[in-house]
Structures are given as C-alpha cells and as structure tokens.
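Trainee: okay, here's the prediction I keep looking at, along with the sequence it came from:
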Amino acid sequence: MVYIRNLFTQDLRDGKQIAFPTDPSNYIFKFNFSDSDPDRNIIFKFKEKNSSSPNYFHNDKLINTRLYAAGSESRIDGELKQFLRDILKAEIDDIILIRPINLQNYEFEFIPKNADSFSIYSSLLNGKNHEIVIENPKIPENDTVIFNVLEEFADWFIAKDGLSHNYFKHTFSSNREKVINELKKYDILYTEQFKLDLFEISVIDINILITQISNNISKDEGDFFELSKKTSNHMPRAILGKNNYLKFLKEYILENEKIHSSSPKTHPVNKIYFGAPGTGKSYQVTQDLKNVDLIFQKRVTFHPEYDNATFVGGYKPITDNGDIKYEFVPQIFTNIYVESCNDPSHQYYLIIEEINRGNCAEIFGELFQLLDRDVNYKITSSNELTNYLNISIPNSKFYKNGKMLLPDNLSILATMNTSDQSLFPMDSAFKRRWEWEYIPINYTADLTTNPSFAYKIKVDDTTTFKWVDFIEKVNLRIQDNPSLGMDKCIGNYFVKPNEKNEISIENFIYKVIFYLWNDVFKDEPKNSIFKGKITYQDFFPIKDKGEKLLRSILYDLKLIESIETIEEPNTQS
C-alpha cells in the first residue's frame, strides 16, 4: 500500500501542520480521528533510492513526530514539514509517497518535479486529485495469493537490499510449490530457472509476470480510478482498481529498477547494420549495447504485414464489463518514445531487426521526418497519437502541443540482410537519414573475437572440416559470378552448431546446401558448386546419396584430398 500526495500551500507554510482526511487516515495510518483515537507517536524514515541524488545524504533519516485528531481530519506535528521544507527544499506540487510498515513506523519518499519518476506519480494523480491511496480493496479469494506474491516481489525489487531479500526468502521459501501452482492457474510463462529458484528473477521477468496476470484476471467496475465521495473540504480521493494497481506496480518496479541500472547518455544515432546473411549483424548490435541494461532496449522485427498501426499504435476494441469500447493502444515506437521523453537521464534504444523486410515508408508514416533530428523539422502527430501523448508526456522539450521531435536520448538501430533488399526497396530519401555500418564476413579473426572459428562440419565420425574454410572457398565462387556478388555470400553465423561447435551433416544439407542451391546457384551455373545435373533432391537420402555428393563438393573446393568416383545422378522422371 502506498499513499501518494502532491504538496500544496498548507503543507509548507508556517502555522499549519500536514493534515490527512478520511481515506489516508483510515487506510494508511489505521487512525480513526472521528472516533477520537488516542494520539500516537510515529516515526518516518526518509528513503532516497537514487544514490546520485543530493538527497541521498539524508537516506534513512528518522523523523519522530505525533499523529493526532483535529476536528474533521488527522494531523501530524511539524517535524515532517520542517524536514521537507528546510532540508529537502520541497516546493508546491512536488510529490511525497508514504508506505506503512506498521502502526508506528512509516517510510516516505520525496519526488521533486525534476525527478525521473515524477511523471508516473503525476499521471496517477491525474492532475485533479491531490492525493491517492494505492491499494487493492477488491481482491477475490482466488486472486489473493497471486497479489500477495506480486506485492512481495515489488517490495523486494524496490528495496534492493539484503535484509529485504532475506525477508522475502523467509516469507515464501516454505510456500514455493504453492506459489508456483498459483502461477500455473494463470497460465503464467516462467522459466525453468524461475521454477527452481523463485527468487533469482529479473525485472524483465516480473514485468512479464504482471502483464500476464493483468490479462488473465477479471476487471473491476472502474477502468482507472474508483473515487470516494467528494466532500466540501477536499478533492476526491482515489483507490486504484485491480488492473490499474497492477499497472502501477509494474511501472513502480520499472522506475526503481532504472535507478540501479546502466544506460549512459550518448550521442543519438539512426544506424543500419547491413551485410550478407549470417554475418552477425544482430550480434554486433548486442555487442555495441553490452553495457546497456535490457530495460532501456526494445526490439522488433519488420515483416511484409507490419504496418504503421502495429509500429505506432491505433484504436482497438477493448472489453470493459461486457461492453466494447475503442481506445488508443500504443505500440513499440510510442512506448519507447514516451519512456525516453520522461526519463532524460538514460539513453534508450529501439532495435529494428530485418528493417528491409517491411515497407518502411508505410510503417514510419509521418514519423519519417523525425529521422532528420532537426529542431526545425517538428512533425504534427495524428489526433489519436496527440491525445495519448498529451496525457503520457506532461513535460518534455521534445513534445509539446502536438509537435514531435526525436528525443536526444533515443537511438534507433536496425539490421538489414543485403540478400533480401528486393523485398521492399528503400528510397534514397529514407537511406540518407541513417548512418550505415557494413558487417563483413570474417576469415582472419580468432576465437576471442569470432566464435565461428571453432565451428566444424561433421560429415561422418572420421571426417570433419572447418566451417570458416568452407565459407571462404564457396564465397569466392559466388563473388566471381558478376550476377551474384557479395549479397549472396554466406556469413560466419549463417548456421548454428550444437554445444560441441559441430554442424551435423543433416543441418548442413538442410540449411546451407539448400540455400546455395535454391537462392544462389540454381539459375546461375557459372562457378556453381553443383556439377553437371545435380539438384537438391539428389542429396536424399542423406546417409547414402547426400554424404557422397557433399564429399564431391568438398573435393572440388579443395577441402578434402580424395573421394570415391561418383556417378552422375539419374535425373529422368
């Protein structure tokens, strides 16, 4: 349970203590001022999770104060207000969070307007409510266990300290199977590692978990807030419904994880990694981002059916208590655009695999102009996107009044297989807005820089040869044909070996030989590795014909020294 409140004039001025009306008194402090509960001495512990914040110096500071009834509200003495105003330099509309530990002890966080996580709590307050109680008051009996698990996960991820971890283990170690069985009821995707050790999971796992649970539980009556009755003295106070409680939990965990994660700011870039199939373009992207935590990366693969609505978002039917309504549902570009605008201290990366397998002009649509990264070329977003961004990005220099720019902390990286460039050709206007990096085929590296140098093709128990020797020989044949060239060559990672770095003869024939026959040499006999009237079907059955034909190809490429005489295949039907 978390109490969120933005500070207003009475909270900071002289002569007025911080007051709490009915809901926070009842839910957070368990204090019923209307029944004149006795005064209570309480302790606030200040928590600053961001070690780079100047307020981290005051982390774990204890503030002793008193909670007491005062007519139509409860109040606390001035020690907390003094700490906020004089030490933290709090201002009106900054936000505080209060989390109860027990009836005497409470933790509180201070979220100034310039904090990365301010937008999350500001959006929850909805611009109208000056306070909100985050809890779930309507959990059906069959959902109770799963929600308790999620709250413990949340506490663990947010705290990130040994004490919390040990408490978490102690709480659930005796109920591990019960928890796993509950997760199974919700058809939850969990890894074998997750099953073996419920506690060694990542923030990515917990967010997947929350999303899946959210998709499987019944909805509350209220889609966003359940508002308590408005009184004459206070704005409406809100209690989140189940699904939105999960949404809050997910965002809260993610924001706290970002504080402990790494993605240093750098110069923004639009870059396409291109090369022949199997050269390791995706591997190179991963290597370039090896110091960037995954929560700052989003990855998507373009394909012929991919369109603007799938990339940016659009209106989709949503079922709400049996009624169907249409809402704007953001997709990968909009999601990372919002995250990067709201979190300017980290670099974000949108990774597009196989960018040329989709119709880029249609997919990017009006976003095409953003790739210029020129402050003079702002684009006007569509009405539905504008309405969504107006709510999701309360304050950003890259989005204002429906005008968009690419944030300087958002880079877009893409991969392109040059052998597929005929699917959806890119025009020159699109190409010139990207930097390009060619990923060559590597024949001279070593195991420390290129794992493919350990790959071996296993013909039989006594005959093996190096994969890199094969691709070097066959690629020379391909390049010597002016109708083919580098685009049809085979890269270092075209085929994956087993755990012993061996490529079986079956895998080799099914993937490599088929590609060379079907996509390279079938209509280009010059320099072909397939002599005479050999066709792909002549390699079957593999143990008989396939092995002999493969040996003849290896002999022709000078990869083995001798072979048996091979009769020309009978191609008559």
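Mentor: Yep, that arrived. Note that the structure is a prediction, hence the values are computed from the model and not measured. Numbers count the residues shown, from 1 in each chain.

Trainee: what sits against residue 34?
Mentor: For residue 34, the contact set (C-beta atoms under 8 Å, 6 or more residues apart in numbering) comprises 22, 69. Every C-beta, even on glycine, is put in place using the N, C-alpha and C of the backbone.

Trainee: so how far is residue 19 from it?
Mentor: Noted for residue 34: a distance of 14 Å to residue 19, by C-beta to C-beta, to the nearest Å.

Trainee: and for residue 533?
Mentor: Distance of residue 533 to residue 19, given as C-beta to C-beta: 92 Å.

Trainee: okay, those two: which has more neighbours?
Mentor: More crowded of residue 533 and residue 19, by other C-beta atoms under 10 Å: residue 19, with 19 against 10.

Trainee: okay, now the unreliable bits of the stretch 351-500 of the chain?
Mentor: For the stretch 351-500 of the chain, the stretches flagged by pLDDT under 70 are 421-423, 447-448.

Trainee: can you map out the helices along it?
Mentor: 360-364, 383-392, 428-431, 467-479 (DSSP state H, counting those that start in this stretch).

Trainee: residue 522: neighbour count?
Mentor: By other C-beta under 10 Å, the residues close to residue 522 number 13.

Trainee: what does stretch 278-289 rub up against?
Mentor: Under the criterion C-beta under 8 Å, 6+ apart, residues 273-275, 297, 349, 351, 353, 413, 415-417, 437, 439-441, 452, 490-495 lie in contact with stretch 278-289.

Trainee: at 7 Å instead, please
Mentor: Under the criterion C-beta atoms under 7 Å, 6 or more residues apart in numbering, residues 273, 275, 297, 349, 351, 353, 413, 415, 439-441, 490-494 lie in contact with stretch 278-289.

Trainee: again with stretch 61-75
Mentor: 17-21, 25, 29, 31, 33, 36-37, 39-46, 76-77, 79-80, 83, 233.

Trainee: okay, and the closest residue to residue 79 other than its chain neighbours sits in which element?
Mentor: In space, and not counting its chain neighbours, residue 79 is closest to residue 65: 4.4 Å by C-beta to C-beta, 6 or more residues apart in numbering. Assigned by DSSP states H and E, residue 65 falls within strand 62-70.

Trainee: and that strand, which strands flank it?
Mentor: Strand 62-70 sits in its sheet next to strand 40-46 (antiparallel), strand 73-76 (antiparallel), going by DSSP bridges.

Trainee: endpoints of stretch 440-453, how far apart?
Mentor: In stretch 440-453, first residue to last residue: 15 Å (C-alpha to C-alpha, to the nearest Å).

Trainee: and that stretch, which residues are buried?
Mentor: 441-442, 450, 452-453 (16 or more other C-beta atoms under 10 Å).

Trainee: list of residues touching that stretch?
Mentor: Outside stretch 440-453, the residues within contact range by C-beta under 7 Å, 6+ apart are 275-276, 279, 454, 467-468, 471-472, 475, 489, 491-493.

Trainee: if you set the cut-off to 8 Å instead, what comes out?
Mentor: Residues from elsewhere that reach stretch 440-453 (C-beta under 8 Å, 6+ apart): 275-276, 279-280, 454, 466-468, 471-472, 475, 489-493.

Trainee: closest to residue 386 out of those?
Mentor: Residue 386 lies nearest to residue 275 out of these, by C-beta to C-beta, at 38.7 Å.

Trainee: now the two most distant members of the buried residues of stretch 440-453.
Mentor: Spanning the widest gap among those are 441 and 453, at 12.3 Å by C-beta to C-beta.

Trainee: list buried residues within the contacts of stretch 440-453.
Mentor: Buried members of the contacts of stretch 440-453, scored by 16+ other C-beta under 10 Å, are 275-276, 279-280, 467-468, 471-472, 475, 489-493.

Trainee: can you list the residues you listed in TSV and add distance to residue 508?
Mentor: Formatted as TSV, the buried ones among the contacts of stretch 440-453 follow (distance: C-beta to C-beta, whole Å):
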residue	distance to residue 508
275	22
276	18
279	19
280	19
467	9
468	14
471	12
472	16
475	16
489	17
490	11
491	15
492	15
493	14
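
Trainee: kindly indicate which of the residues you listed lies nearest residue 99.
Mentor: Closest approach to residue 99 among the buried ones among the contacts of stretch 440-453 (C-beta to C-beta): residue 280, at 46.8 Å.

Trainee: state the distance from the closest one to residue 372.
Mentor: Distance of residue 280 to residue 372, given as C-beta to C-beta: 30 Å.

Trainee: ok, residue 460 next?
Mentor: For residue 460, the distance to residue 372 (C-beta to C-beta) stands at 57 Å.

Trainee: these two: who's more crowded?
Mentor: Between residue 460 and residue 372, counted using other C-beta under 10 Å, the more crowded position is residue 372 (15 against 10).

Trainee: which residue sits closest to the more buried one, ignoring its sequence neighbours?
Mentor: Nearest residue to residue 372, sequence neighbours excluded (C-beta to C-beta, 6+ apart): residue 433, at 6.1 Å.
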